[in-house]
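Colleague: sharing a sequence plus its predicted fold:
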Amino acid sequence: MRLTGVLRNVVSNTLTHRLEKEIVIKAPWGNIAALTWGDPAKPPVCLVQGKLDACSSFRPLVSLLPDDYFYVSIDLPGNGLSDHLPKGIRYTAVDLVPSIVEVKNHFKWDKFAFVGHSLGVLVGKYFILAYPGQITKAVELDPMPAYFSWEVNQISVWYKLNYERYYGEQYLKWNSGKETAPKYTFEEIQERMMRARGLSKEATAHILERSLEPAGDGLYRITYDQRMKFVTTPQLSASNLQQLYTSIRSPTFVILARNTIDGGFYDKAPFLQDPKSWPHNNYKYMIVDGSHDIHVENPECVVNEISQFLKFGLANS
């Protein structure tokens with residue numbers, strides 16, 4: 001038995017008053033696992049998690065969002081209960097875009113709204129660029145990886161970090177599979193995640209319910225794909241990013257965490273906090289106090305603004 005069933009007794013089901021359903025979507029490389037909430041006949045909202053996360057991390061936010069939508073939150077390949085990509089290949093942000101394509105095709109959506117967190121934002125942006133007009137509105141929750149930039153004189157550093165290291169010193173480790181993952185007690189794993197991400201016990205429970213499995217003797221191991229620790233982002237300069245992202249026409253609402261800003265992660269992308277830099281007048285942002293995982297730790301501080309944006313877009317801005 002997977003740990004999922006155990007932890008779901010710990011995570012209160014009263015968090016969401018609507019039915020939560022586990023689904024599996026078939027893809028060419030394997031299964032995409034997901035959670036859904038609400039009526040499939042209602043307008044769809046696709047939610048995509050960040051790196052080394054799980055679709056259940058959106059549960060606290062979805063529990064507060066209006067009943068007017070059908071919410072589908074997916075585990076990206078190599079995360080949660082989704083299958084890993086075939087061994088040997090490198091995970092890149094662009095290689096994760098087909099996951100959204102498969103979800104869209106499975107439900108036969110023509111258009112849908114999108115909510116992404118961290119790496120999920122970058123995946124969503126490349127979907128928008130590849131399939132313009134299909135995402136009606138985009139909510140970006142602390143989109144840090146989407147704004148990583150590399151100048152021309154940094155190509156060598158970018159290549160060595162993302163490829164030389166992968167195919168050299170880390171190849172066997174990152175492709176060895178979950179069987180070689182270290183084993184810990186549940187309390188040890190939870191403490192490590194709380195320290196690394198600054199999360200509460202309740203918040204970590206939402207993620208760990210889909211990221212652990214029993215390993216014998218009362219111990220557990222983490223099941224996410226080790227290759228997901230270093231997902232390759234495109235080699236684009238800050239000016240490239242601005243030109244590319246501001247060309248997008250889908251209404252976009254960005255929520256930035258104060259701790260991430262103070263850490264300097266957006267210093268190379270000043271246009272992110274300048275709506276006048278977006279020529280289509282389709283952009284707004286807000287800054288909230290807190291850390292990178294604000295949507296799972298304190299969704300109350302963003303739910304009203306997200307609800308208004310999903311309903312009205314930028315009409316009330």
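Modeller: Yes, it's here.
Colleague: what helix or strand is Ile261 located in?
Modeller: helix 258-262 (DSSP states H and E).
Colleague: buried ones in that helix?
Modeller: With burial defined by 16 or more other CB atoms under 10 Å, the residues of helix 258-262 counted as buried are Asn259, Thr260, Ile261. All C-beta atoms are positioned from the backbone trio N, CA, C, and that covers glycine.
Colleague: tell me the pLDDT of the most centrally placed residue in the chain.
Modeller: By CA atoms, centre = their mean, the chain has its centre lying nearest to Gln49, at 2.1 Å. If you check Gln49, the pLDDT there is 96.
Colleague: correct me if wrong: it contacts Val115.
Modeller: No: if you go by CB atoms under 8 Å, Gln49 and Val115 don't touch, sitting 10.0 Å apart.
Colleague: got a pLDDT number for Asp110?
Modeller: pLDDT at Asp110 comes out at 97.
Colleague: what does Leu3 give?
Modeller: For Leu3, the model assigns a pLDDT of 48.
Colleague: swap in Glu297?
Modeller: 91.
Colleague: how near is Glu102 to Ile32?
Modeller: Using CB to CB, to the nearest Å, Glu102 is found at 6 Å from Ile32.
Colleague: tell me, what's touching these two both at once?
Modeller: Common contacts of Glu102 and Ile32 (CB atoms under 8 Å, 6 or more residues apart in numbering): Ile25, Lys26.
Colleague: contacts for stretch 213-224 next, please.
Modeller: By CB under 8 Å, 6+ apart, the list of residues contacting stretch 213-224 reads 1-3, 52, 78-80, 178, 181-186, 189, 211-212.
Colleague: need the buried ones from those selected in ChimeraX.
Modeller: Of those, the buried ones go into a single ChimeraX selection, burial set by 16+ other CB under 10 Å:
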select :3,52,78,79,80,181,184,186,189,211,212
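Colleague: ok now the strand or helix carrying Glu213, how far from the chain's centre?
Modeller: In this assignment (DSSP H and E), Glu213 forms part of strand 212-216. Per CA atoms, centre = their mean, to the nearest Å, the displacement of strand 212-216 from the mean C-alpha position of its chain is 24 Å.
Colleague: and for stretch 25-32?
Modeller: With CA atoms, centre = their mean, you get 18 Å for stretch 25-32.
Colleague: now it: buried residues?
Modeller: Buried, per 16+ other CB under 10 Å, within stretch 25-32: Ile25, Ala27, Trp29, Ile32.
Colleague: cool, stretch 57-69 as well?
Modeller: Ser57, Phe58, Arg59, Pro60, Leu61, Val62, Ser63, Leu64, Leu65, Tyr69.
Colleague: what does it contact?
Modeller: Under CB under 8 Å, 6+ apart, the answer for stretch 57-69 is 11, 15-18, 20, 35, 37-38, 42-45, 47, 49-50, 71, 73, 113, 115, 117, 203, 206-207, 293, 295-296, 299-300, 302-303, 306-307, 310-311.
Colleague: from those residues, list the buried ones, please.
Modeller: When burial is judged by neighbour count using 16+ other CB under 10 Å, the buried members of the contacts of stretch 57-69 are 11, 16, 20, 35, 37-38, 43-45, 47, 49-50, 71, 73, 113, 115, 117, 203, 206-207, 293, 295-296, 299, 302-303, 306, 310.
Colleague: now, which of those lie within helices?
Modeller: Among those, the members found in helices (DSSP state H) are Ala203, His206, Ile207, His295, Val296, Val303, Ile306, Leu310.
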